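K.L.:
Mind looking at a prediction? Sequence and model below.
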Amino acid sequence: MNSILLGVIAVSVLAITVYLVLLLVELKKSIVSLRITTESKLNPALEELQHVLRNMNDISENVSEVTSDVKAFSTSVGELGKTINTVNALVGSAGASGVVRAMSLRAGVTAAVKYFIMNFVKKGEGK
């Protein structure tokens, strides 16, 4: 009976061993197939992702350059506005002083003409 039991155990162990070997061979095939599929489909996707990341890096550098150009342009426009305001103030004050001078000259000439006429009339009456 021991030999029968020992034979059954030996056959069982042999069957389990054969089953495990076949399972390991099938598992190896599945892993190789998975690796091949992953390499064939994932590698192109990773290369495309690297290309996209390089493009994004280039775009961000270009945006940075454009932003600095826009900042410089807006600073120049601000300075131009200040210069225009300064010139406008100078022209306004020069124009205002010119108008004041012209009005003063007119008032002076008018007063001189009136004085001359009055004195001329008075001298004519006195004769």
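P.N.:
Now that the structure is in, tell me what you want to look at. Because the structure is a prediction, the values reported are computed rather than measured.

K.L.:
Tell me how many other residues surround Glu47.
P.N.:
Look at Glu47: counted by other CB atoms under 10 Å, it has 10 neighbours. C-beta: built from backbone N, CA, C; applies to glycine.

K.L.:
so who does it touch?
P.N.:
For Glu47, the contact set (CB atoms under 8 Å, 6 or more residues apart in numbering) is empty.

K.L.:
Show me where this structure has its strands.
P.N.:
Shown for the chain, no strands are assigned by DSSP state E.

K.L.:
For it, just list every one of the helices.
P.N.:
2-126 (DSSP state H).

K.L.:
just for it, where's the confidence low?
P.N.:
91-96, 123-127 (pLDDT under 70).

K.L.:
Go again with 90.
P.N.:
Across the chain, the ranges flagged by pLDDT under 90 are 1-5, 37-47, 58, 60-127.

K.L.:
burial of Ser68, as a residue count?
P.N.:
For Ser68, using other CB under 10 Å, the count is 10.

K.L.:
now swap in Tyr19 and tell me
P.N.:
Neighbour number of Tyr19 under other CB under 10 Å is 10.

K.L.:
Val13 versus that one, what's the distance?
P.N.:
Per CB to CB, to the nearest Å, Tyr19 is found 11 Å from Val13.

K.L.:
Next: Leu53.
P.N.:
Counting by CB to CB, the gap from Leu53 to Val13 is 55 Å.
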